[in-house]
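Enquirer: 3D, please:
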Amino acid sequence: MSLYSQYLEEIEERKSQNLHAKPIDGADLLTEVISQIKDVNHEHRADSLNFFIYNVLPGTTSAAKVKAQFLKEIILGEATVEEISQPFAFEQLSHMKGGPSIDVLLDLALGEDQGIANQAADVLKTQVFLYEADMARLENAYKNGSKIATSILESYAKAEFFTELPDLDEEIEIVTFVAGVGDISTDLLSPGSDAHSRSDRELHGQCMFEHNKEQQQALLKLQEEHPDKRVMLIAEKGTMGVGSSRMSGVNNVALWIGKQASPYVPFINIAPIVAGTNGISPIFLTTVGVTGGIGLDLKNWVKKYDADGKLVVDEDGEPVLEQAYSVDTGTVLTINTKSKKLYNGDQELMDISSAFTPQKMEFMRAGGSYAIVFGKKLQTFAAKTLGIDVPLVFAPSKEISHEGQGLTAVEKIFNKNAVGTSGAVLHAGSYVRAEVNIVGSQDTTGLMTSQELEMMAATVISPIVDAGYQSGCHTASVWDKKSQENIPRLMKFMNDFGLITARDPKGVYHSMTDVIHKVLNDITVDDWAIIIGGDSHTRMSKGVAFGADSGTVALALATGEASMPIPESVKVTFKGKMQDHMDFRDVVHATQSQMLKKFGGENVFQGRIIEVHIGTLPSDQAFTFTDWTAEMKAKASICISEPDTLIESLEIAKGRIQIMIDKGMDNEKQVLQGLIDKANNRIEEIRTGKKPPLTPDENAKYYAEFVVDLDIIEEPMIADPDVNNEDVSKRYTHDTIRELSFYEGEKHVDLGFVGSCMVHKGDIKIVAKMLKNLEAEYGKVEFKAPLVVTAPTYNIIDELKEEGDWEILQKYSGFEFDDNAPKSVARTEYDNILYLERPGCNLCMGNQEKAEKGDTVLATSTRLFQGRVVKDSDRKKGESLLASTPVVVLSAILGRTPTLEEYKVAVNGIKLTQFAPPLKKMTTVPLPSHQISF
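Expert: I've put the predicted structure just below:
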């Protein structure tokens, strides 16, 4: 059967799902399509022509190469297609976004036919996705006296690819659609259980609102009623896009309410408009910018004050909010992009200038941030080649510098990594292009990252990136048909691109499903590093790490850069002493609880850097804090470490990297060995005092400073989704932190989960020790609820085996993973036994396995969003409560939450993760600005 016949069969199958034909990305199928176009009498010629024009993915896909070559033949008259004229062929090339299309355009522009060359040059002047090889061709032609090359370079220097674009409309009429009340997780927009379909954008679009067809129809009806208006998707009384860094969530929103990016590329939409009463999650907002969209912080609910100016609170001590203006579904509003105001008719509602900074407006005008990033690079190249200063076209990067003011830790890192600045010492609020050291791609978003790389015509990782890593952890639980189809293809692409990959496309080393954040934490060997990762929990305890969408990851891989404002920081220090029966996870939860209490319910962490002065905890254990900062809605976190602690962390990292090398995971460029060399160099710098660990200046300025009181943490703390709260907006947040005694030893627990990125080796040792203690006390251990244990990495399991802890876990397990026979079907029911699952994300992701519907789950993970770990059932709401490892283990054994007394007995004699605050302040006396070095 021909590929085209198979394609037709697939189209018929998709019709039953109300889907159109998949876009073509393969060379062989498109070659067959072209042969049918050339045969004027072929029965499928009309459809083939339609597929060729409107249904081929652009960029560096193999199909794009074939399409560009055939268009070249048409332009040169070597092939004739009545329906594709020479001008139309050029128009097609102009929408193909780099790679093969640029090769063809350069061939034509630098060719002998002057008429064709001029047309090709006109198209090239609109293109921005040129890479070093393309620029080198232009530079060589210019040096050899080519007038066409000179004309193109002059156009690039003037940035006509941007200046010739139409301006933004002064007024944008919108109609509101409330997607939900309270925080809206990306799970609502792109459920984890549908991760397999993310690269098939039309299919994935069907999962919008978690497949809620009624809500989807309501949105379509609203669009029909307001055909002349843009829809704005809203999180009422909450934050839009919390929980993950999913480009797929923004892609789905854009597919439903955005604009088509190109008439010749299906299902790729841009420019969605989204909003939240409490703003947009930082990562989600960055992703909206990737598509040239608009994100508004509505602030339409405000705190209520009495006549004396005193804050009004409810019976729980929570601030009472009152509505400043309505955004109920169907409300017609107007965005004015010049005054930067939001209006209801003639009534001004609020200033929205933060959504319309000069940089964001450039993204909107250009159709996304990629075009601006590549455009600036292209303009700089052209000006340098021509020997002229770069004309001021783009909004200058915002530079804020305060004389005499010291630097926070994040300000120091950005000053060190910044490129293209004036050289001034920069403070928070400055907009910076910064070089990136480490980039991570995870497996459920990686397919989109690979597509983004193809569409921006990138073929190899930027040489300035120290290392890139492609994980396999999000699909580790179940090796089903979808994973078997998608993951090997992803691993081959990324391996060829230059990343270290969890799975070896060549089959040389054993597949590794270690949690991406743990691996990135290990391969980060510099406390001054910037890390970009395709997941919201990219929160390293060395350097500063930013969770990012798949597109930003692609951009970082291709260019070695990221652009963003330097965020404000909140300084977190500690006082007092941890009680022996407390675990560090309780300190993490207490930090959030104490912060909200101190600041009257205001989350001062949201959108900012948490600069946490942990000091004495090695990076594995400190990661428990930095990881949780995603749930605190912080943009990122930085750990300030003492010298000996940082050296210990780097030695651990070296050992882990060496294991990866021993497994055969290093590549021809010996990237992993290079990291060990960098770690050794950093250790030497610390030991000799040449370059001490990163610390802020003592006169640095913070948005807020906060001291966590360890003395008042007397019992385990639990983050509760509060699923039955009468105020819907307060459900499924991470802000309800309760003490263990709140539950009075009576809350039923259906399943316990110890795993995900929040646990380290010490946590699994705690499980083993508790089992040994209980066995010694009672002769055996019986579980009244299932306990799922998932070590985050294989290294941990190997070390536990060497130290004798794995044996007791095996003894009580009713299931132990087998890499030689991985599960091919997700578990839907659980027995009251211990499950030893494969390293990876497991239940925390919710994309493969979940708890049984309606269960009450107690977990060490980070996810308590509705439907993520457990879905609702007809009998009750599913709920995922978050706690420390010993609380989870004991709850699974008892089938309920323990009393404080039961808990203390169970952990007696067990070395929990303890923490003692540093004795000295970890700050630096600032040098005069002219002596500052990074």
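Enquirer: quick one: terminal-to-terminal distance for stretch 610-628?
Expert: End-to-end distance of stretch 610-628: 11 Å, with CA to CA, to the nearest Å as the criterion.
Enquirer: now the helices for the stretch 251-400 of the chain?
Expert: Under the criterion DSSP state H, counting those that start in this stretch, the stretch 251-400 of the chain contains helices at 282-290, 358-366, 369-386.
Enquirer: just the ones you listed: most buried one?
Expert: Most buried of these by mean neighbour count (mean count of other CB atoms under 10 Å) is helix 282-290; its value is a mean of 27. Backbone N, C-alpha and C define where each C-beta goes, glycine included.
Enquirer: against which helices or strands is that one packed?
Expert: strand 240-242, helix 247-257, strand 294-297, helix 358-366, helix 369-386, helix 550-559 (3 or more CB pairs under 8 Å, 6 or more residues apart in numbering; DSSP states H and E).
Enquirer: wait, which of the ones you listed is closest to Tyr702?
Expert: Nearest to Tyr702, of all those, is strand 294-297, at 21.5 Å by CB to CB.
Enquirer: surely Glu452 touches Ala554?
Expert: Yes: counting by CB atoms under 8 Å, Ala554 is a contact partner of Glu452 at 3.7 Å.
Enquirer: higher neighbour count, these two?
Expert: Legend: neighbour count by other CB atoms under 10 Å for Glu452 and Ala554, higher for Ala554 (29 against 24).
Enquirer: where is the longest helix in the protein?
Expert: For the chain, the longest helix by residue count, based on DSSP state H, is helix 643-663.
Enquirer: run the chain-centre distance for that one.
Expert: How far helix 643-663 lies from its chain's middle: 25 Å, per CA atoms, centre = their mean, to the nearest Å.
Enquirer: what lies in contact with that helix?
Expert: Residues outside helix 643-663 that contact it (CB atoms under 8 Å, 6 or more residues apart in numbering) are 500, 509-510, 512, 521-525, 527, 541-542, 615-620, 622, 641, 666, 672-673, 675-676, 679-680, 682-683, 686-687, 692-693, 795.
Enquirer: how about the secondary structure of His613?
Expert: strand (DSSP: H, G, I helix; E, B strand; the rest coil).
Enquirer: number of residues surrounding it?
Expert: Neighbour tally, His613, other CB under 10 Å: 23.
Enquirer: who touches it in this structure?
Expert: Contacts of His613 (CB under 8 Å, 6+ apart): 571-574, 640, 917-918, 922.
Enquirer: please identify which of the helices and strands packed on helix 282-290 is closest to Val888.
Expert: When the helices and strands packed on helix 282-290 are compared by CB to CB, strand 240-242 sits nearest Val888, at 23.3 Å.
Enquirer: OK, contacts around the closest residue to Ser563 other than its chain neighbours?
Expert: Leaving aside its sequence neighbours, Ser563 sits nearest to Arg433 (CB to CB, 6 or more residues apart in numbering; 4.9 Å). Contacts for Arg433 (CB under 8 Å, 6+ apart) come out as 397, 418-421, 561-563.
Enquirer: any weak-confidence spans in the stretch 51-200 of the chain?
Expert: Along the stretch 51-200 of the chain, the model assigns pLDDT under 70 to no residue.
Enquirer: for it, which segments count as helices?
Expert: 62-75, 86-94, 100-109, 114-124, 132-143, 147-157, 160-163, 186-189.
Enquirer: now swap in the stretch 801-934 of the chain and tell me
Expert: 806-812, 885-894, 900-907.
Enquirer: again with the stretch 401-550 of the chain
Expert: Under DSSP H, counting those that start in this stretch, the stretch 401-550 of the chain gives helices at 409-417, 443-455, 481-497, 516-523, 550-559.
Enquirer: contacts for the first one next, please.
Expert: By that I understand helix 409-417. Counting by CB under 8 Å, 6+ apart, residues outside helix 409-417 touching it are 407, 425-428, 430, 432, 434-437, 528-530, 543-544, 566-567, 569, 609, 611, 636, 638, 640, 694-696, 700, 932, 934.
Enquirer: next: the fourth one.
Expert: By CB under 8 Å, 6+ apart, the list of residues contacting helix 516-523 from outside reads 438, 440, 442, 467, 469, 471, 473-474, 500, 502, 531, 533-535, 537-542, 545, 619-620, 623, 627, 652-653, 656-657, 672, 675, 757, 792-793.
Enquirer: now stretch 334-343
Expert: 168-174, 273, 294, 296, 298, 333, 344-345, 348-353, 355-356, 361.
Enquirer: need the buried ones from these selected in PyMOL.
Expert: Buried residues among these (16 or more other CB atoms under 10 Å), as a PyMOL selection:
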select buried, resi 168+172+174+273+294+296+298+333+349+352+355+356+361
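Enquirer: inside strands: which ones of the contacts of stretch 334-343?
Expert: Using DSSP state E, 171-174, 273, 294, 296, 333, 344, 348-351 are the members of the contacts of stretch 334-343 that sit in strands.
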